[in-house]
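**Q** could you look at this predicted model? Sequence included:
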Amino acid sequence: MIDSHCHLNFHAFDKDYDDVIKDAFDKGLTGIINVGTKLDSSWRAVELSQNYPNLYAIVGVHPHHSDKLEDGWIEKLQKIAKNKKVVAIGEIGLDYFSYKSNDIVLPKLQKEVFIKQIELAYNLSLPLQIHNRQAGEDILKILKKEEGKLLKTPGMFHCFSGTLEFLEKILDLGFYVGFDGNITYKGIAKGETTSLEDLVKKAPLERIVLETDSPYLTPEPYRGSRNTPSHVIIVADFIAKIKGVSREKVVEITTKNTHNIFRL
Ligand SMILES: [Zn+2]
Ligand SMILES: [Zn+2]
């Protein structure tokens with residue numbers, strides 16, 4: 001069982017990341033992938049990965065940070081991405097949701113930064129880990145335009161949301177989809193039209209990966225507290241229930257999927 005997307009590289013874990021990692025491996029996880037959202041957190045993800053054999057890093061600039069970049073950022077990111085423990089470029093993509101803490105960054109800027117990082121991934125022959133919030137159509141347009149730069153197994157959409165049609169289109173491009181603890185929340189998230197349960201039902205298990213997005217998206221019944229990678233078990237159980245299969249089956253297939261995408 002692998003947590004394919006979390007942020008133990010964030011300050012929320014400064015004091016106890018070691019205990020959190022040990023607890024996750026004690027509870028049966030076989031891998032943890034920490035993801036950067038800008039240069040410093042990307043570097044921190046790489047730094048953490050050096051201390052444990054089954055810890056990996058994904059490095060990149062999140063769309064929220066695409067308006068705060070220094071000159072030469074892509075060269076700096078390239079240097080970080082060359083580390084052996086880096087398994088993908090992410091989380092990159094587009095985000096058109098207006099958050100209290102973060103207004104929508106100019107879409108033109110988001111797109112430029114996204115495309116530059118698709119090119120970087122292509123040059124390093126790494127898959128993509130994509131962040132999408134209510135920007136599916138524009139992401140699809142970019143991926144179609146850049147299709148020649150995608151790997152045969154191009155990567156995954158993390159914390160998947162969107163419509164059933166959108167899901168079908170990205171599956172056609174070869175992408176996998178990640179689900180988190182928010183699949184345990186009741187109702188449909190603000191601005192969405194399709195429930196996560198319906199998306200889980202429709203996505204073939206052979207294309208699903210497990211993630212937590214720790215410290216965020218804590219599953220029920222722990223919602224409200226800090227999330228940790230060990231809660232990926234709850235995500236596995238919830239998917240098992242929706243699909244009517246055993247936890248073991250979900251763990252077996254999703255682990256294989258994660259190995260396949262990131263060549264672990
Ligand atoms: Zn994200
Ligand atoms: Zn994240």
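**A** Everything's here; your move. Ligands and ions are numbered 1, 2, ... in the order given.
**Q** average pLDDT for the longest strand seen in the chain?
**A** Longest strand in the chain by number of residues, with DSSP state E as the criterion: strand 86-95. Across strand 86-95, the average pLDDT comes to 98.
**Q** residues contacting residue 235?
**A** Each residue near residue 235 by C-beta atoms under 8 Å, 6 or more residues apart in numbering is listed here: 179-181, 183-184, 210-212, 219. Using the backbone N, CA and C atoms, a C-beta is placed for each residue, glycine as well.
**Q** make it 10 Å
**A** By C-beta atoms under 10 Å, 6 or more residues apart in numbering, the contact list for residue 235 reads 1, 3, 178-184, 200, 208-212, 217, 219, 250, 254.
**Q** am I right that residue 57 sits in a strand?
**A** Yes: secondary structure of residue 57 (DSSP: H, G, I helix; E, B strand; the rest coil): part of a strand.
**Q** so what's it closest to, chain neighbours aside?
**A** Once flanking residues are discounted, residue 57 sits nearest to residue 45: 3.9 Å by C-beta to C-beta, 6 or more residues apart in numbering.
**Q** quick revisit: narrow the contacts of residue 235 to those in helices?
**A** Among those, the members falling in helices (DSSP state H) are 200, 250, 254.
**Q** just put the residues you listed in CSV and tack on pLDDT.
**A** As requested, the ones in helices among the contacts of residue 235 are exported to CSV (pLDDT from 0 to 100):
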residue, pLDDT
200, 98
250, 98
254, 98
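**Q** please read off the pLDDT at the residue nearest to residue 57 from the model.
**A** So residue 45 comes in at 98 (pLDDT).
**Q** I'd assumed it was in a strand, is it?
**A** No: assessed with three-state DSSP, residue 45 is helix; it does not lie in a strand.
**Q** and it, how many neighbours?
**A** Residue 45 has 29 neighbours, counted by other C-beta atoms under 10 Å.
**Q** and residue 244, how many neighbours?
**A** The burial count for residue 244: 7, using other C-beta under 10 Å.
**Q** where's it relative to residue 201, distance?
**A** Distance of residue 244 to residue 201, given as C-beta to C-beta, to the nearest Å: 10 Å.
**Q** next: residue 187.
**A** 16 Å.
**Q** give me the three-state assignment for the residue of the stretch 51-200 of the chain found nearest ligand 1.
**A** Closest residue of the stretch 51-200 of the chain to ligand 1, C-beta to the ion: residue 131 (3.6 Å). Residue 131 falls in the strand class when you classify it by three-state DSSP.
**Q** ok, it - contacts?
**A** 5, 35, 37, 60, 62-64, 90-95, 114, 139, 157-159, 213.
**Q** mind doing that once more with 6 Å?
**A** 91, 93 (C-beta atoms under 6 Å, 6 or more residues apart in numbering).
**Q** read off the pLDDT value for it.
**A** The model's pLDDT for residue 131 equals 98.
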